[in-house]
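> dropping a prediction and its sequence here:
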Amino acid sequence: MPELEQTAVSAEAEVPSEGRYYRRFTSKQRYLHAVLFSTFLGLAATGLPLRFSESIWARGAARAVGGFGAILFFHKFCALVLTIAFLIHVKEVFARGLYHREKGVFWGATSMVANWKDLKDMLGHLRWFVGLGPKPKFDRYAYWEKFDYWAVFWGMIVIGFSGYAMWFAPFFARFLPGWALNAALVIHSEEGLLAILFIFSIHFVNTHLRPDSFPMDMVIFTGVESEKEFQHKRPLEYARLAREGKLEERVGSAPASWFVNFSRIIGFTAIAIGLTLLVLTLSAYFY
């Protein structure tokens, strides 16, 4: 027994806790997110000049790329790519949950479906913000992450449908009244603006600019996080995996420094573009 204990201690010493990394996202999930945020940036960068076409900066952007017709072309291209990525994701979710019978897809601690704990965590978080209670402990996904996730579904249904209704107006006019197509224009414009404002302010702050992650949360780029970060941000998931003996299955490799630096460049570029578009939007909206 002493020899076994010594062996265990030696094995742990070989991989210090601060040097361990755990997988959080698969390569496929990271690639899908890359498509998501790049096409969303493209939609925002092309949709805002169309929405505020009378603004000086919008007219300048149109001249730079060959007119508003070119901007509309790129807007439709980004919309098509995003739609394909969204449908691929929905298909994979249902395949995992219904065909492969994977547990935790539609309900439970590892699901993106909201539950009562999320409501308790949100209320507890609000109390913690004002010093009236302890900070809640989160599992695999926090309540705001689930909100961000389902906001994409709302956007694809409302913004996506209204956008395709305008794109293929002759087809939809066969069974929709004229006022519905006019309403689609208003809905697409205002809901798109709301999504842009939310992503470039609330989502950026919650994900990257809050103290726990400032100046950037790298896990969506690298797919792994350090053990210290894992224990701090998602203590319930860490404890559950340790209790079930599944923690070692999630051990991954530390990301290469060149890839981390490359990811930082991509991430900071995306944030810079988003904040720039946010400022331009506010300037066009209020002035």
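Thanks, I have the structure now.
> any idea which helix is longest in the chain?
helix 257-286 (DSSP state H).
> surely Ile88 and Leu32 touch.
Yes - in this structure Ile88 lies within contact range of Leu32 using Cβ atoms under 8 Å: 7.4 Å. Backbone N, C-alpha and C define where each C-beta goes, glycine included.
> give me the element Tyr164 is part of.
helix 143-167 (DSSP states H and E).
> who are the packing partners of that helix?
Under the contact criterion of 3 or more Cβ pairs under 8 Å, 6 or more residues apart in numbering; DSSP states H and E, helix 143-167 touches helix 68-94, helix 116-129, helix 178-198.
> at 6 Å what do you get?
The helices and strands touching helix 143-167, judged by 3 or more Cβ pairs under 6 Å, 6 or more residues apart in numbering; DSSP states H and E, are helix 116-129, helix 178-198.
> tabulate the ones you listed (JSON lines), appending mean pLDDT.
Shown next, in JSON lines, are the helices and strands packed on helix 143-167 (pLDDT from 0 to 100):
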{"stretch": "helix 116-129", "mean pLDDT": "95"}
{"stretch": "helix 178-198", "mean pLDDT": "92"}
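> distance of Gly67 relative to Tyr141?
Using Cβ to Cβ, to the nearest Å, one gets 43 Å for the distance from Gly67 to Tyr141.
> okay, these two: which has more neighbours?
Remark: of Gly67 and Tyr141, Tyr141 carries more neighbours, 19 against 11, as counted by other Cβ atoms under 10 Å.
> which non-adjacent residue is nearest that one?
Met112 (6.0 Å; Cβ to Cβ, 6 or more residues apart in numbering).
> can you check Leu36 too?
Ala85 (6.3 Å).
> pretty sure that neighbour contacts Val35?
Yes - counting by Cβ atoms under 6 Å, Ala85 touches Val35, with 4.6 Å between them.
> what is the neighbour count of Gly131?
Per other Cβ under 10 Å, the neighbour tally for Gly131 reads 6.
> that one in helix, strand or coil?
Put simply, Gly131 is coil when judged by DSSP: H, G, I helix; E, B strand; the rest coil.
> and what of Tyr22?
strand.
> any idea how far it lies from Arg264?
Where Arg264 is concerned, Tyr22 sits at a distance of 20 Å (Cβ to Cβ).
> likewise Gly133?
Taking Cβ to Cβ, one finds Gly133 at 35 Å from Arg264.
> just Thr222 next, same as before
For Thr222, the distance to Arg264 - Cβ to Cβ - is 10 Å.
> higher neighbour count, the two?
Thr222 (20 against 14).
> in the next helix or strand after the helix holding Tyr164, which residues are buried?
Note on helix 143-167: by DSSP H and E, the next helix or strand toward the C-terminus is helix 169-172. The neighbour-count check on helix 169-172 (16 or more other Cβ atoms under 10 Å) flags Phe172 as buried.
> kindly export helix 169-172 (C-alpha atoms) in PDB.
This file holds the C-alpha atoms of helix 169-172, laid out as PDB (Å, rounded to 0.1, in the frame of the first residue of the first chain):
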ATOM      1  CA  ALA A 169     -40.600  38.400 -52.100                       C
ATOM      2  CA  PRO A 170     -42.300  37.100 -55.300                       C
ATOM      3  CA  PHE A 171     -42.500  33.600 -53.800                       C
ATOM      4  CA  PHE A 172     -43.800  34.700 -50.400                       C
END
